[in-house]
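Asks: got a sequence here, can you build the structure:
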Amino acid sequence: MGEPVSGWWRRNAVALGALVILVPALGATVTWHEWSEANSGALAAPVVLEQGQHTRYGDAVVGPAAADFVDDPLAPPDARVLKVQIDIDPGASELACAEPMLRELEGLKREWDADTSSLTTDWDPLHPASCSSDLTERYTLDVRYVVPQDAAGPFAVDMISAELWPENVRFIVEP
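Replies: Next up, the predicted model:
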């Protein structure tokens with residue numbers, strides 16, 4: 001009737017053996033590549049500071065942080081302005097960081113970026129909205145957020161520096 005099946009298996013044994021090794025290796029390689037790429041932008045677990053606490057962030061000392069709701073005539077009628085202040089002592093370092101993001105810890109868990117353009121603020125070089133590598137003396141970040149009327153706190157303020165990535169600091173504040 002024809003050649004037995006075992007002849008085909010013998011002729012293709014090397015190719016079949018290679019498939020048994022290469023297919024799982026290819027799957028593992030693709031999985032590792034995708035996961036490592038997905039996690040490459042992930043932050044490390046933040047150093048969490050309660051009100052009144054401070055910590056080293058790189059060579060600088062950051063904190064404590066405080067927050068209060070403030071009146072601002074330019075704020076929308078259905079919103080409030082949350083003013084967050086964070087003490088920074090850069091020491092010998094040149095700490096640079098982006099404007100911190102505000103996160104709601106309870107309820108809807110919303111997030112807000114700093115509002116540096118639509119609110120009434122007098123520019124003060126010792127009260128910037130982001131860390132400045134030009135400042136070598138102690139200064140205070142003064143960041144304002146426009147939040148809905150129902151946002152009450154507690155809030156988390158995330159400080160992130162590109163130079164210290166993926167390390168970051170999270171201040172817990174409650175107005």
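Asks: check which helices and strands the lowest-mean-pLDDT helix or strand in the chain sits against.
Replies: None of the helices or strands of the chain scores lower by mean pLDDT, DSSP states H and E than helix 5-11, at a mean of 75. Using 3 or more Cβ pairs under 8 Å, 6 or more residues apart in numbering; DSSP states H and E as the contact test, no helix or strand touches helix 5-11. All C-beta atoms are positioned from the backbone trio N, CA, C, and that covers glycine.
Asks: centre of the chain to the helix or strand that that helix is followed by, how far?
Replies: Beyond helix 5-11 in the direction of the C-terminus, DSSP states H and E gives the next helix or strand as helix 13-39. Distance, stretch centre to chain centre, for helix 13-39: 33 Å (Cα atoms, centre = their mean, to the nearest Å).
Asks: beyond helix 13-39, next helix or strand please.
Replies: Assigned by DSSP H and E, the successor of helix 13-39 is strand 47-49.
Asks: how about that next one: buried residues?
Replies: 47, 49 (16 or more other Cβ atoms under 10 Å).
Asks: strand partners (parallel or antiparallel) of it?
Replies: Here strand 47-49 has these sheet partners by DSSP bridges: strand 168-173 (parallel).
Asks: ok, and what's touching the partner strand?
Replies: Strand 168-173 has contacts (Cβ atoms under 8 Å, 6 or more residues apart in numbering) with 43-44, 46-51, 55, 57, 62-67, 84, 86, 100, 105, 153-161.
Asks: if any of the residues you listed are buried, put those into a PyMOL selection.
Replies: To isolate the buried members of the contacts of strand 168-173 in PyMOL, using 16+ other Cβ under 10 Å:
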select buried, resi 46+47+49+57+62+63+64+65+66+67+84+86+100+153+155+156+157+158+159+160+161
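Asks: flag the shaky bits of this protein, pLDDT-wise.
Replies: Along the chain, the parts satisfying pLDDT under 70 run over 1-5, 36-44, 118, 120-123.
Asks: could you rerun that using 80?
Replies: 1-9, 31-45, 92-94, 116-127 (pLDDT under 80).
Asks: ok, back up a step: list of residues touching the least confident helix or strand of the chain?
Replies: Taking Cβ under 8 Å, 6+ apart as the rule, helix 5-11 contacts residue 16.
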